[in-house]
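> sequence plus predicted model, see below.
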Amino acid sequence: MTGPALVLATALAGVSLAIWLVLTFCRGRFWRTSIRLPMPVDPPEGDAWPSVVAVVPARDEAAVLPRTLPTLLRQRYPGSWRVLVVDDDSADSTGALARELGADVVAGSGPPPGWAGKVAAMQRGVEAAGTPDYLLFTDADIAFPSDAVRQLVCAARGNALVLTSQMVRLRAESRWERLVVPAFVYFFAQLYPFALVNKPGRTAAAAGGCMLVDRAALLRAGGLPRIAGALIDDVALGRLLKPHGPIWLSLSADIVSVRPYPRLADLWAMVVRSAYTQLRYSPLLLGATVLGLLVTYLVPPVVLVAGAAAGAVLPALLAGIGWLIMTLTYVPMLRFYGVAPVAALLLPVVAALYLAMTVDSARRHAVGRGGAWKGRVAQRP
């Protein structure tokens, strides 16, 4: 490797290494998995516990509700507690099954013009919930430990939080789940470092599987109509509420998703649904993202191998250090999901998969199939 090729390889490896140094030391230590719910504080003795209503949008969820809905209904919460399932125009027995299990059910007829399906179902639940102190937005595939709501409310009250969200533990049992799911959470934390979300500033996000919302703050913010068309409703809700008080986002090892993604096609569909939306439907941002993923994740292994084969010490050294930093930042998330740390060496491969998913997401939007979920195709806001 001589001349222009050596200069190019050295420059690319240097840029990639610089990116990893900035990400690792200047991005809120996004790679940490130790951020948990703030220390719960019980209300003073004699104080009434705030009322809470769980809102569960559910579309064709009869397969998972028997495993998840009972965990909400059996919560050990001392205050007023109600579980409200919004049957979002299901084609299966979702509504009847939810009633049979003991939840209150309201019917949804699909999103009106300008509304994303899930946000419309959430709004239907808000309208039927009455005037509780808190709303717990969750998904039909989420199972909770019996003291989860008490812990959430105590953390929210004790820290005056307007939004208390936990990234639930996603299922990682099949081969493809163990390869793709930890990276999904890792990339999310890279985009929205939990430590920065939890501090004053512009970074705001939430995780849709578990979002405890102060209803009064939601009203002050203008309510869910302000984010009516949001496909990425959790991030949109975090951005809506953060100007109105502190918000919190952390990992949970105990609140879990039971939804299986056994095949790569299942995981692919999950990612492409919202990837191009995350880029605000911008071809320019898509190009920048593709270039960024290539330089950040694929340059280190490629330049290391090519440089070592050609005897080019400097680019191989720079690329090797970058790959090492990348690998070490991924290990904590793999440990959290019980995956062997050696799998961190495959992060460039997984990043290439996500790059392909992002491009495919843009392609699907271009042909009118963007945001597809359970028979619905989302419209651009």
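Here it is on my side, so go on.
> pLDDT weak spots in the stretch 151-300 of the chain?
The model of the stretch 151-300 of the chain has no residue with pLDDT under 70.
> what's the answer for the stretch 1-150 of the chain, then?
1, 44-46.
> so which residues of it form strands?
52-58, 81-88, 104-108, 134-138, 142-143 (DSSP state E, counting those that start in this stretch).
> mind putting these into a markdown table with mean neighbour count and distance to P332?
Glycine gets a C-beta too; all of them are placed from N, C-alpha and C. Shown next, in a markdown table, are these (neighbours: other Cβ atoms under 10 Å; distance: least, Cβ to Cβ, whole Å):
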| stretch | mean neighbour count | distance to P332 |
| --- | --- | --- |
| strand 52-58 | 26 | 31 |
| strand 81-88 | 24 | 34 |
| strand 104-108 | 17 | 39 |
| strand 134-138 | 24 | 26 |
| strand 142-143 | 22 | 23 |
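> would CSV of those with distance to A312 be doable?
Output for the strands of the stretch 1-150 of the chain, formatted as CSV (distance: least, Cβ to Cβ, whole Å):
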stretch, distance to A312
strand 52-58, 55
strand 81-88, 57
strand 104-108, 61
strand 134-138, 53
strand 142-143, 50
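> centre-most residue in the chain?
A207 (4.7 Å; Cα atoms, centre = their mean).
> how about that one, nearest residue that isn't a chain neighbour?
Distances taken as Cβ to Cβ, 6 or more residues apart in numbering place M167 nearest to A207, at 4.0 Å, with adjacent residues excluded.
> what pairs with the host helix or strand of that neighbour, and is each one parallel or antiparallel?
Per DSSP states H and E, M167 falls inside strand 163-169. Paired strands of strand 163-169, with direction, are strand 210-214 (antiparallel), strand 247-257 (parallel) (DSSP bridges).
> I'd say P57 and M122 touch.
Yes. If you go by Cβ atoms under 8 Å, P57 and M122 touch, sitting 5.8 Å apart.
> shared neighbours of these two, anything?
Overlap of the contact sets of P57 and M122 (by Cβ atoms under 8 Å, 6 or more residues apart in numbering) consists of V86.
> now the helices for the stretch 251-381 of the chain?
Using DSSP state H, counting those that start in this stretch, the helices assigned to the stretch 251-381 of the chain run over residues 264-272, 275-278, 283-293, 299-310, 313-336, 347-366.
> with distance to A216 added, can I get those in TSV?
Output for the helices of the stretch 251-381 of the chain, formatted as TSV (distance: least, Cβ to Cβ, whole Å):
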stretch	distance to A216
helix 264-272	33
helix 275-278	29
helix 283-293	36
helix 299-310	49
helix 313-336	34
helix 347-366	36
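> out of the ones you listed, nearest to Q75?
helix 313-336 (24.9 Å; Cβ to Cβ).
> any buried residues in the closest one, and which?
Residues of helix 313-336 classed as buried: 315-323, 325-327, 329-334, 336 (neighbour count, 16 or more other Cβ atoms under 10 Å).
> between strand 163-169 and that helix, find me the angle.
Using axes from the mean of the first three to the mean of the last three Cα atoms, to 10 degrees, the direction of helix 313-336 lies 100 degrees away from that of strand 163-169.
> and the residue nearest to the centre of the chain, which helix or strand is it part of?
Following DSSP H and E, there is no helix or strand that holds A207.
> hmm, it is touching D234, no?
Yes. With contact defined as Cβ under 8 Å, A207 and D234 form a contacting pair (5.6 Å).
> now the common contact residues for these two.
Common neighbours of A207 and D234 (Cβ under 8 Å, 6+ apart) are S165.
> picking up where we left off before, what sits against the residue nearest to the centre of the chain?
165-168, 188, 234, 249.
> also F336?
Counting by Cβ under 8 Å, 6+ apart, F336 touches 33, 182, 251, 253.
> please repeat the previous calculation with a cut-off of 7 Å.
For F336, the contact set (Cβ atoms under 7 Å, 6 or more residues apart in numbering) comprises T33.
> also A316?
Neighbours of A316 in contact, by Cβ under 7 Å, 6+ apart: 303-304, 307-308.
> run a quick neighbour tally on the closest residue to P78 other than its chain neighbours.
Nearest residue to P78, sequence neighbours excluded (Cβ to Cβ, 6+ apart): W49, at 4.8 Å. Number of residues near W49 (other Cβ atoms under 10 Å) recorded here: 17.
> can we start the residue count at 164 from this point?
Renumbered: residue one is now 164, and that last one reads W212.
> quick one, phi psi at W212?
Backbone torsions for W212, taken as degrees, to the nearest 10, come to phi -70, psi 140.
> shouldn't it be in contact with R239?
No. Using Cβ atoms under 7 Å as the test, W212 is too far from R239 to be in contact (11.6 Å).
> all helices for the stretch 164-313 of the chain, in order.
166-189, 228-236, 257-264, 280-292, 311-321.
> Y355 is nearest to which of these?
So among the helices of the stretch 164-313 of the chain, helix 166-189 is nearest, using Cβ to Cβ, at 13.3 Å.
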